[in-house]
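Chemist: Got a predicted model here, sequence first, then my questions.
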Amino acid sequence: MTGACVLITGGARGIGFAIARNVVSRGDRVILFDADAAALDAALHTLGTSARGSAIDVSDAAAIKAATAEHAGDWTPTHLVNNAGILGRKMAFDQMDADEVDRVLSVNLRGLLLATSAFLATRRAHPSAAIVNMSSIAGFNGGAPGLSVYGATKGAILALTRAMARDLAPDIRVNALAPGIIETDMQKGVFASGAAMREVVAAIPQKRLGTPGDVAEAAIWLLFGAPYSTGETIRISGGRT
Ligand SMILES: NC(=O)c1ccc[n+]([C@@H]2O[C@H](COP(=O)([O-])OP(=O)(O)OC[C@H]3O[C@@H](n4cnc5c(N)ncnc54)[C@H](O)[C@@H]3O)[C@@H](O)[C@H]2O)c1
């Protein structure tokens, strides 16, 4: 089978799922790695025969290796979207919970490194081979109060994007997206009230929250277009910094 096959971590919901939908509507295929088995089943059902997946935690090294081997052959991926990520629990600097720190670092950074490594070990060559890493504007501004560990992981992803772009050139372009506030499950419960949300929206230059589709559109460009761009990060934030 020819054509592109995009491995998307955290692809069952939210931004990852929107990217998967756009890849499939181009006529290409996707493999989704997602820890939520029920959401993964629903996503694969919606996407149809152009999609496959594995219900795994990206921070589990053995599971990533086994799942990558399982899809080898016609479905060996040509592109990778490192999208799985968690916000973690809010913690002030004087109240850090070691297990929660490890959990956020593990999913957001260890998971990205393991998925990248597994992808590189098996990938199928493609003229527009590319990796897209999902950072956040929190990677630039440090993150919302209490969510500094999350912000730190997203800042590290900016550095990793530049390092990967250098080391994987000229064969693979590596770029990052830095979304602002996007309406997904992740944002549920982040705002204390409707009034707090309206205040935040009023401060966004484009005066609205982003949609998963807004991010997916940019991801498709970085995956299949952007022929002379690598090591870049694009904000998808309605002008919010
Ligand atoms: N929503 C936003 O406002 C926003 C803003 C900036 C950046 N981001 C980033 O975009 C990415 C996607 O966020 P989203 O808003 O779509 O989140 P979401 O919570 O709606 O979806 C994330 C998906 O990742 C999966 N996932 C979580 N942990 C996993 C793990 N350990 N292994 C495998 N899969 C796992 C979940 O099951 C879910 O399907 C994240 O990296 C997030 O940090 C989101």
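Modeler: Ah, there it is.
Chemist: Spatially nearest residue to G142, not counting backbone neighbours?
Modeler: Nearest residue to G142 in three dimensions, chain neighbours excluded: G151, at 4.6 Å (C-beta to C-beta, 6 or more residues apart in numbering). Any C-beta I mention is one placed from the backbone N, CA and C, and that applies to glycine too.
Chemist: I'd say that neighbour and N141 touch.
Modeler: Yes. Counting by C-beta atoms under 8 Å, G151 does reach N141; the two are 7.2 Å apart.
Chemist: and the top strand by length along the chain, which strands flank it?
Modeler: Among all segments of the chain classified by DSSP state E, the strand with the greatest residue count is strand 173-179. Next to strand 173-179 in the sheet, as set by DSSP bridges, lie strand 130-134 (parallel), strand 233-236 (parallel).
Chemist: just to revisit the earlier point, wait, what's in contact with the residue nearest to G142?
Modeler: Applying C-beta atoms under 8 Å, 6 or more residues apart in numbering to G151 gives the contacts 136, 138-139, 141-144.
Chemist: Now do the SS call for it.
Modeler: helix (DSSP: H, G, I helix; E, B strand; the rest coil).
Chemist: Distance check, it against A20.
Modeler: 26 Å (C-beta to C-beta, to the nearest Å).
Chemist: next one: T78
Modeler: With C-beta to C-beta as the criterion, T78 and A20 are 15 Å apart.
Chemist: Which one of these two is surrounded by more residues?
Modeler: When T78 and A20 are compared for neighbours, A20 comes out ahead with 29 against 23, by other C-beta atoms under 10 Å.
Chemist: And the helix or strand the more buried one falls within, what does it pack against?
Modeler: Element membership for A20 (DSSP states H and E) is helix 14-25. If you count contacts as 3 or more C-beta pairs under 8 Å, 6 or more residues apart in numbering; DSSP states H and E, helix 14-25 packs onto strand 5-9, strand 29-33, helix 37-47, helix 212-224.
Chemist: Would you mind pulling up the elements that the second one packs against?
Modeler: On a contact count with 3+ C-beta pairs under 8 Å, 6+ apart, strand 29-33 meets strand 5-9, helix 14-25, helix 37-47, strand 51-54.
Chemist: What angle do strand 5-9 and the helix or strand following the last one make with each other?
Modeler: Remark: after strand 51-54, the chain's next helix or strand is helix 61-70, criterion DSSP H and E. If you take axes from the mean of the first three to the mean of the last three C-alpha atoms, to 10 degrees, helix 61-70 sits at 160 degrees to strand 5-9.
Chemist: can you list the residues of this protein near the ligand?
Modeler: 9-10, 12-16, 33-36, 39, 57-59, 83-86, 107, 111, 134, 136, 179, 181-182, 184-187 (C-beta under 6 Å from any ligand atom).
Chemist: Buried ones among these?
Modeler: 9-10, 12-16, 33-35, 39, 58-59, 83-86, 107, 111, 134, 136, 179, 181-182, 184, 186 (16 or more other C-beta atoms under 10 Å).
Chemist: one step back: what angle sits between the helix holding A20 and strand 130-134?
Modeler: 150 degrees.
Chemist: quick one: the helix or strand bottoming out on mean pLDDT in the chain to chain centroid distance?
Modeler: When the helices and strands of the chain are scored by mean pLDDT, DSSP states H and E, helix 194-202 comes last with a mean of 92. The chain centroid and the centroid of helix 194-202 are separated by 26 Å under C-alpha atoms, centre = their mean, to the nearest Å.
Chemist: Stretch 23-33 too?
Modeler: 15 Å.
Chemist: Under the pLDDT cut-off, which ranges of the chain? List them.
Modeler: Applying pLDDT under 70 to the chain picks out residues 1.
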